[in-house]
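1. How does the following fold in three dimensions:
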Amino acid sequence: MKKIFLSFLTVGTLLVSCDNTKSNEYQIAGDAPGLKDGAKLVLSEQDSLGRPKSIDTAVVKDGKFKFTGTSNETKLGFLSLLNNRRGSAPIILEGGDITVEFNKDTIIKSVIKGTPNNDDFAKVLNKMSAVSDSINGMKDEMRELSQNKNFDGIKVLQEKRQAYQEELSNYEINFSKENPDSYVSILLLEKNLMMQKDEFDKLASIFDNLNNDLKNSEKGKKLEEQINSIRKTKIGAVAPDFSAKTLEGENLSLNAAKGKVTLIDFWASWCVPCRKENPNVLKIYNAYHKDGLNILGVSVDKAEDKWKEAVAADHINWQHVISQDAARTYNITQIPTTFLLNEKGEIVKKNLRGAELEAAIAEALGVANKNVVTEEAGKMPIPNS
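-> From the prediction side, this is the model:
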C-alpha cells in the first residue's frame, strides 16, 4: 500500500556538558569557510508543533561564528543561513561545548561534533548517508529501466531499495535498544514509531527501557503520550469513544454511530487520496449497509465549509463528524486512515483501503464478498496546525 508519511524530524547532533561550562550552558563555535564577513547564521529550536523558531543569530567574521546560551533540557535545534532556503543543519541543544564546520553549499552536510552524544549521532548519520547514497545511486538505472519498460528489472530495484530501507530501520531500532542513555535513541524511536508501526510492541518496549531523564524530557513525554495513544487503538482494543459535531451541528458519539460492523474513516476535503478513495468506500457502504455496516467519517478539516462541500460533492451519505481531537486520540498522522470495529466495538483491522477493506468488512459481517471495488488510493500527511 502506498503511503506518504507525515514528515517527522531531521537528523541532528548532540551537546553534552563539559567541565568548563555550566551544566545547562551551551557554547557553539563554528568555522564557515566561503562565507563573507557579515553573513548571519540563525539558531532555531522546535516549537510545540515541531516547527523551527529562531532563538539567536550570529555574525560571521573571519570565517568564524559563535553562539552561547542555556537550555533547561536537551532539545532539537537547527542552524541555517538568514534569508536562505538551502536547508538547515540539525543540532541538539544541551549544556556543553560543540564545534561546527558549516557547509554553505550543502548545509545538511555540516559537520557537528565535540560531545559523546554528537559522536553517537555521527555514527547514525554515517549509516543514513550510506543508505541514502545507495538508494540515490539506483536512480539512473531505475530511469533507464522505466524508459525501456523493463518491469522485471524495476521490481528487482524496488526490492533492493526496500532492503536498504529495512537495513537502516533495523540499525536505528537496535541503536535505540543498545543506547538507553542517548538522546539520539529517543529521536530514532520517534521516527520509527511513525514509520514502522508494525514494530510497535518492540519500539514501545525499548522506550520503556530508556533512562528516566530521557522519558521525562519534553520530547520523551510527548512520545509517551503517542505510545499510550497507539496502545489504546491497537488491534484487539476497544475503540475509544468520542463525540464530535455533525453536519447538522449536533454532537454524535462513536458509540451512538456503531452498527454490527463499524468503519471509522479519518479523512479531509483537501486530501487527494481520500477523495479518490471515497467512491470505493461509497460502493462498499451501499453494498454492505443493509448487512449491518455503519460508517463514521471523521474529518480533520479546519474549514467546516470545505468539509461540507466535499461531503456533498462526493455524495458520501453515511454519518459524518469533524474533529481534530478525535484524530489526536487515535494518533492519526496520515490520511486516509481507517479502523474496522466488530460488534463488540473492538478494533479488528486498521489502515485497509480498496479491495482489502471490502474483504475485511465482508468477513466481519459474515457475508460473501461482493467484490464491488478493486483499487485503492494512497495517503497524505496531516500538516501541523
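2. contacts and neighbour counts: CA atoms only from here.
-> Noted.
3. Quick check: closest non-adjacent residue to Gln226.
-> Asn331 (6.7 Å; C-alpha to C-alpha, 6 or more residues apart in numbering).
4. Can you check the pLDDT for Thr233?
-> Looking at Thr233, its pLDDT reads 91.
5. do the same with Thr74
-> Confidence at Thr74, expressed as pLDDT, is 85.
6. I'd say Ala32 and Val59 touch.
-> No - Ala32 lies out of contact with Val59 (C-alpha atoms under 8 Å); the separation is 10.6 Å.
7. Can you show me the strands along the stretch 151-300 of the chain?
-> 243-246, 251-253, 261-267, 293-299 (DSSP state E, counting those that start in this stretch).
8. I'd like to know which elements the last one is packed against.
-> Other helices and strands packing on strand 293-299, by 3 or more C-alpha pairs under 8 Å, 6 or more residues apart in numbering; DSSP states H and E, are helix 254-257, strand 261-267, helix 272-288, strand 319-322, helix 324-329.
9. Go through the fourth one and flag the buried ones.
-> Of the residues in strand 319-322, 320-322 count as buried by neighbour count, 16 or more other C-alpha atoms under 10 Å.
10. longest single helix anywhere in this protein?
-> helix 151-178 (DSSP state H).
11. roughly how far is that helix from the heart of the chain?
-> 18 Å (C-alpha atoms, centre = their mean, to the nearest Å).
12. Repeat that for stretch 58-76.
-> With C-alpha atoms, centre = their mean, you get 28 Å for stretch 58-76.
13. how about it: buried residues?
-> Here stretch 58-76 shows 58-61, 63-67, 74-76 as buried, counting by 16+ other C-alpha under 10 Å.
14. Stretch 152-167 too?
-> Quick answer for stretch 152-167 (16+ other C-alpha under 10 Å): 153-154, 157, 161, 164-165.
15. want to try TSV for those residues, with distance to Glu172 and pLDDT as columns?
-> What follows is these, written out as TSV (distance: C-alpha to C-alpha, whole Å; pLDDT from 0 to 100):
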residue	distance to Glu172	pLDDT
Gly153	29	90
Ile154	27	91
Leu157	23	90
Arg161	17	90
Tyr164	12	92
Gln165	11	90
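16. what's the farthest-apart pair in those residues?
-> The span of those, defined through C-alpha to C-alpha, is set by Gly153 and Gln165 at 18.6 Å.
17. quick revisit: let me know the closest of the buried residues of stretch 152-167 to Ile28.
-> Nearest member of the buried residues of stretch 152-167 to Ile28, counting by C-alpha to C-alpha, is Gln165, at 33.0 Å.
18. Sketch out the helices for the protein, chain order is fine.
-> 116-136, 139-147, 151-178, 183-195, 200-208, 212-215, 218-232, 254-257, 272-288, 304-314, 324-329, 354-365.
19. ranking these by burial, who's on top?
-> helix 183-195 (a mean of 22; mean count of other C-alpha atoms under 10 Å).
20. tilt between it and helix 218-232?
-> 30 degrees (axes from the mean of the first three to the mean of the last three C-alpha atoms, to 10 degrees).
21. Tell me which of the helices of the chain sits nearest to Glu248.
-> Among these, helix 304-314 sits nearest to Glu248 (C-alpha to C-alpha), with 9.9 Å.
22. On the pLDDT front, check Arg85 for me.
-> Per the predicted model, pLDDT is 84 at Arg85.
23. Can you lay out the strands of the stretch 151-300 of the chain as JSON lines showing mean neighbour count and mean pLDDT?
-> Below are these laid out as JSON lines (neighbours: other C-alpha atoms under 10 Å; pLDDT from 0 to 100):
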{"stretch": "strand 243-246", "mean neighbour count": "17", "mean pLDDT": "97"}
{"stretch": "strand 251-253", "mean neighbour count": "15", "mean pLDDT": "97"}
{"stretch": "strand 261-267", "mean neighbour count": "25", "mean pLDDT": "98"}
{"stretch": "strand 293-299", "mean neighbour count": "23", "mean pLDDT": "98"}
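24. nearest to Asn211, of these?
-> strand 261-267 (35.2 Å).
25. Just the C-alphas of that closest one, formatted as CSV.
-> Output in CSV follows, covering the C-alpha atoms of strand 261-267 (Å, rounded to 0.1, in the frame of the first residue of the first chain):
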residue,chain,number,x,y,z
VAL,A,261,-19.7,-3.7,12.0
THR,A,262,-18.4,-0.1,12.1
LEU,A,263,-15.8,1.7,9.9
ILE,A,264,-14.2,4.8,11.3
ASP,A,265,-12.8,6.7,8.3
PHE,A,266,-10.4,9.6,9.0
TRP,A,267,-10.1,12.0,6.0
